[in-house]
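**Student:** Structure of the sequence below:
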Amino acid sequence: MTDLSVHAPDGVPDVRAGDDLVGLLLTVTDLLDGDIVVVTSKVVSKAEGRVQRGTREDALAGETSRVVARRGPTTIARTHHGLTLAAAGIDASNVELGHVVLLPEDPDASARAVRAAVRERTGRNVGVVVTDTAGRAWREGQTDIAIGAAGLHVMEQYAGRADAHGNELAVTAPAVADEVAGVAELAQGKLGGRPFAVVRGRPDLVLPPGDDGPGAAALVRPDGADMFGYGSREAVVAALRGDSAGIAPFGSPAPADELASVLTGVFGTSVRPDADGDGLWCAPEAADRRAMVAVAFAHGWVTVPSQGSAEVRFRPVTP
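**Tutor:** Here you go, the predicted model:
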């Protein structure tokens, strides 16, 4: 049996640039070895001076690596950290009017600094999670996730283990750092002024002193490794535009037989392989050429110039 407890203390004043977060934490809670300290990214950013005058729209371009989707006034953006968040994680709540809070520049480094300071001042060995709020593509509402971590197993690996019925688990890997963030937010609340929480009862997740682990960056899929690198509208536009800089979010190139099947099914054209087997040839109608190129682009293939031929030659994009 596991007894899990979450404590989110009151009494933390408004945090400003240069404030000592660990000092504030230690005035409101007593820590034990094996505890997991949860800190909202908002107060980390404030302490690190990541507050600036302006609006979300003013700051959006500088915090965005790539736009994933837009719907009306809402922009879903991939940040320079690799996180995919509404408005690139820029927050205009719980901050002075006319100002916004940007995400920490390096949330894992922020978590490591908090962990080291706790160890230095108390001798306690704790894990640290820095959290932010994120939506989910297929569900309403938001939940907190880990955007920074130190001294913590951020995932538990069950692949290769068997359940009680003898079934082997193939890909099960709970993102425990995100689960810690979610349970902590239940105690912290959004309007309670409780930026810290202590999760107690899972010391098995906490790494030994001196081992900070891979951080929450290990939970971020590389660009193109997920199946939803663009919103549905943005995927159509990116494919038709055909800009080489926009091909990575579509993922690795599809196998030749898959693309051939799609081209035949959509356009009714015959497709034949290159003599060397590295590409495909097809003969589209003039009106279909641009659409065919866009479909190939979305599958990770691009056209190759072929002078003197009415056919179009495609090849997969190489890394």
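
**Student:** contact partners of the helix or strand hosting residue 289?
**Tutor:** Using DSSP states H and E, residue 289 maps to helix 289-298. Identification of contacts with helix 289-298 by Cβ atoms under 8 Å, 6 or more residues apart in numbering yields 235, 238-240, 242, 247, 250, 259, 262-263, 266-267, 269, 282, 284, 302-303, 312, 314. Glycine gets a C-beta too; all of them are placed from N, C-alpha and C.

**Student:** 7 Å - rerun?
**Tutor:** Residues outside helix 289-298 that contact it (Cβ atoms under 7 Å, 6 or more residues apart in numbering): 235, 239-240, 242, 247, 250, 259, 262-263, 266-267, 284, 302-303, 312, 314.

**Student:** swap in stretch 267-281?
**Tutor:** So stretch 267-281 is contacted by 256, 259-260, 263-264, 282-284, 288, 292, 304, 311, 313-315 (Cβ under 7 Å, 6+ apart).

**Student:** so where do the strands sit in the stretch 101-250 of the chain?
**Tutor:** Under the criterion DSSP state E, counting those that start in this stretch, the stretch 101-250 of the chain contains strands at 127-136, 139-150, 196-200.

**Student:** Can you check which of the ones you listed gets nearest to residue 229?
**Tutor:** strand 127-136 (16.4 Å; Cβ to Cβ).

**Student:** Now do the contacts for residue 49.
**Tutor:** residue 17.

**Student:** Residue 102 versus that one, what's the distance?
**Tutor:** The span separating residue 49 from residue 102 equals 10 Å under the rule Cβ to Cβ, to the nearest Å.

**Student:** same question, residue 213
**Tutor:** The value you get for residue 213 to residue 102, if Cβ to Cβ is used, is 25 Å.

**Student:** can you count the residues close to the residue lying closest to residue 40 once chain neighbours are set aside?
**Tutor:** Ranked by Cβ to Cβ, 6 or more residues apart in numbering and with sequence neighbours excluded, the top spatial neighbour of residue 40 is residue 195, at 4.6 Å. Residues within reach of residue 195, counting by other Cβ atoms under 10 Å, total 24.

**Student:** pLDDT score for residue 160?
**Tutor:** pLDDT, residue 160: 60.

**Student:** Please, where are all the helices along the stretch 51-200 of the chain?
**Tutor:** For the stretch 51-200 of the chain, the helices defined by DSSP state H, counting those that start in this stretch cover 56-63, 107-122, 176-188.

**Student:** how close does the residue nearest to residue 185 when sequence neighbours are not counted get to residue 68?
**Tutor:** Spatial nearest neighbour of residue 185, chain neighbours left out: residue 144 (3.9 Å); criterion: Cβ to Cβ, 6+ apart. The spacing between residue 144 and residue 68, counted by Cβ to Cβ, is 20 Å.

**Student:** Give me the more crowded residue out of those two.
**Tutor:** Counting neighbours by other Cβ under 10 Å for residue 144 and for residue 68 shows that residue 144 has the greater number, 24 against 21.

**Student:** Next one: the more buried one from residue 34, what distance?
**Tutor:** Residue 144 is 21 Å from residue 34, by Cβ to Cβ.

**Student:** One more: residue 49?
**Tutor:** 32 Å.

**Student:** cool, and residue 213?
**Tutor:** Distance from residue 213 to residue 34, by Cβ to Cβ: 15 Å.

**Student:** and residue 265, which of the three is it?
**Tutor:** Secondary structure assignment for residue 265 (DSSP: H, G, I helix; E, B strand; the rest coil): helix.

**Student:** repeat for residue 303
**Tutor:** Applying three-state DSSP: residue 303 is strand.

**Student:** beta partners of it?
**Tutor:** For residue 303, the beta-bridge partners are residue 314 (DSSP bridges).

**Student:** That one: how many residues sit nearby?
**Tutor:** 16.

**Student:** For residue 42, see how far away it is.
**Tutor:** Distance from residue 303 to residue 42, by Cβ to Cβ: 47 Å.

**Student:** Residue 151 now?
**Tutor:** Applying Cβ to Cβ, the value for residue 151 to residue 42 is 21 Å.

**Student:** More neighbours: those two, which one.
**Tutor:** Neighbour count, other Cβ under 10 Å: between residue 151 and residue 42, residue 151 has more, with 28 against 23.

**Student:** excluding its backbone neighbours, what's nearest that one?
**Tutor:** residue 127 (4.4 Å).

**Student:** Pick the one among the contacts of helix 289-298 closest to residue 224.
**Tutor:** Using Cβ to Cβ, these come closest to residue 224 at residue 250, 6.8 Å.

**Student:** Just to check, that closest one is in contact with residue 226?
**Tutor:** No - between residue 250 and residue 226 there is no contact under Cβ atoms under 7 Å: 10.7 Å.

**Student:** ok now do the residue nearest to residue 151, which residues does it touch?
**Tutor:** 36, 150, 151, 152, 205, 206, 207.
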